[in-house]
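*Asks:* Sequence and predicted model, in that order:
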Amino acid sequence: MTRLSVNINKLATLRNARGGNLPDILKAAKDIERFGAQGITVHPRPDERHIRYKDVYDLKPIVTTEFNIEGYPSNQFIDLVLKVKPQQATLVPDAPGVITSNAGWNTIKYEATLKDTVQALKAAKIRVSLFIDPDEKMIEGAAKLGAERIELYTGPYAEHYAANKEKAITPYLLAAKKAKELGLGINAGHDLNLDNLKYLKQNLCQLDEVSIGHALICDAIYLGLENTVQLYLGRLQ
């Protein structure tokens with residue numbers, strides 16, 4: 001079964017735009033779980049423009065499914081993760097001011113940067129996933145670092161899906177094969193939506209988890225949050 005983890009950053013963006021507590025992030029997380037999602041993802045950034053560090057602490061006791069915290073492994077971020085102890089930490093190579101994640105780790109170039117962090121998180125019994133392009137060398141690097149999973153960056157897949165879905169998915173098939181050979185679990189995320197998710201799942205049968213936020217929340221504006229979660233779960237059957 002491929003698990004659906006819903007990234008609730010965009011709900012926090014909406015709340016922060018007006019101030020106050022609408023939408024209520026804690027209630028939304030509980031409702032998303034009640035609607036069937038198997039995980040909640042947050043990506044706190046240094047400027048706290050959406051999820052705030054306080055939100056992460058507040059979410060920990062109320063999330064009953066898998067809690068996934070993703071972000072750049074700064075000292076502040078690692079301190080947060082070690083205190084909250086989610087089931088999974090996904091490390092992404094985001095620069096501080098980036099709008100959204102747009103590339104995976106170069107696990108060879110940044111081996112020294114990542115190695116101690118990966119080991120510290122694993123020592124705290126937190127599963128470590130590295131955000132990775134569908135590149136076999138980078139996946140080998142992730143395994144060497146001791147990561148337990150990779151999250152395949154699916155931005156290029158989504159970008160080229162409409163023009164040629166067979167060509168778009170080919171690098172991901174090769175990447176998934178290499179990951180499984182190395183004993184890595186496989187997550188995927190970025191720009192996945194109701195149009196392209198089912199094809200990804202059908203072809204990457206080894207897929208453990210997808211993390212989806214922006215498209216799901218946009219769909220929920222028209223379709224309702226409960227119905228939207230159910231539709232995304234249906235694409236993963």
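*Replies:* Arrived safely, thanks for sending.
*Asks:* mind listing what the spatially most central residue of the chain touches?
*Replies:* What sits nearest the mean C-alpha location of the chain, by CA atoms, centre = their mean, is Ser211, with 4.1 Å. For Ser211, the contact set (CB atoms under 8 Å, 6 or more residues apart in numbering) comprises 5-7, 39, 41, 68, 70, 90, 151, 187-189. Glycine gets a C-beta too; all of them are placed from N, C-alpha and C.
*Asks:* hmm, try it at 7 Å
*Replies:* Shown in contact with Ser211 (CB atoms under 7 Å, 6 or more residues apart in numbering): 5, 7, 41, 68, 151, 187, 189.
*Asks:* If any of those are buried, put those into a PyMOL selection.
*Replies:* One line in PyMOL is enough to select the buried members of the contacts of Ser211, burial here meaning 16 or more other CB atoms under 10 Å:
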select buried, resi 5+7+41+68+151+187+189
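*Asks:* In three-state terms, label the residue nearest to the centre of the chain for me.
*Replies:* Using DSSP: H, G, I helix; E, B strand; the rest coil, the structure places Ser211 in strand.
*Asks:* Skipping its backbone neighbours, what lies nearest it in space?
*Replies:* Gly189 (3.8 Å; CB to CB, 6 or more residues apart in numbering).
*Asks:* Same question for Glu70.
*Replies:* Per CB to CB, 6+ apart, closest to Glu70 is Thr90, 3.7 Å.
*Asks:* Just name the closest of the contacts of Ser211 to Asn196, please.
*Replies:* Using CB to CB, Gly189 is the member of these that lies nearest Asn196, at 12.3 Å.
*Asks:* show me where this protein has helices.
*Replies:* Along the chain, the segments classed as helices by DSSP state H run 9-18, 25-34, 53-59, 75-84, 111-123, 136-145, 155-161, 165-181, 197-203, 214-223, 225-235.
*Asks:* In TSV: these, plus distance to Ala95 and mean pLDDT.
*Replies:* Below are the helices of the chain laid out as TSV (distance: least, CB to CB, whole Å; pLDDT from 0 to 100):
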stretch	distance to Ala95	mean pLDDT
helix 9-18	17	96
helix 25-34	25	98
helix 53-59	19	98
helix 75-84	13	97
helix 111-123	14	96
helix 136-145	18	98
helix 155-161	16	98
helix 165-181	24	98
helix 197-203	27	98
helix 214-223	19	98
helix 225-235	29	98
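*Asks:* Including distance to Asp47 and mean neighbour count, could those go into a markdown table?
*Replies:* Output for these, formatted as a markdown table (distance: least, CB to CB, whole Å; neighbours: other CB atoms under 10 Å):
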| stretch | distance to Asp47 | mean neighbour count |
| --- | --- | --- |
| helix 9-18 | 11 | 17 |
| helix 25-34 | 17 | 18 |
| helix 53-59 | 11 | 17 |
| helix 75-84 | 12 | 16 |
| helix 111-123 | 21 | 16 |
| helix 136-145 | 28 | 20 |
| helix 155-161 | 22 | 18 |
| helix 165-181 | 32 | 17 |
| helix 197-203 | 30 | 18 |
| helix 214-223 | 18 | 17 |
| helix 225-235 | 26 | 18 |
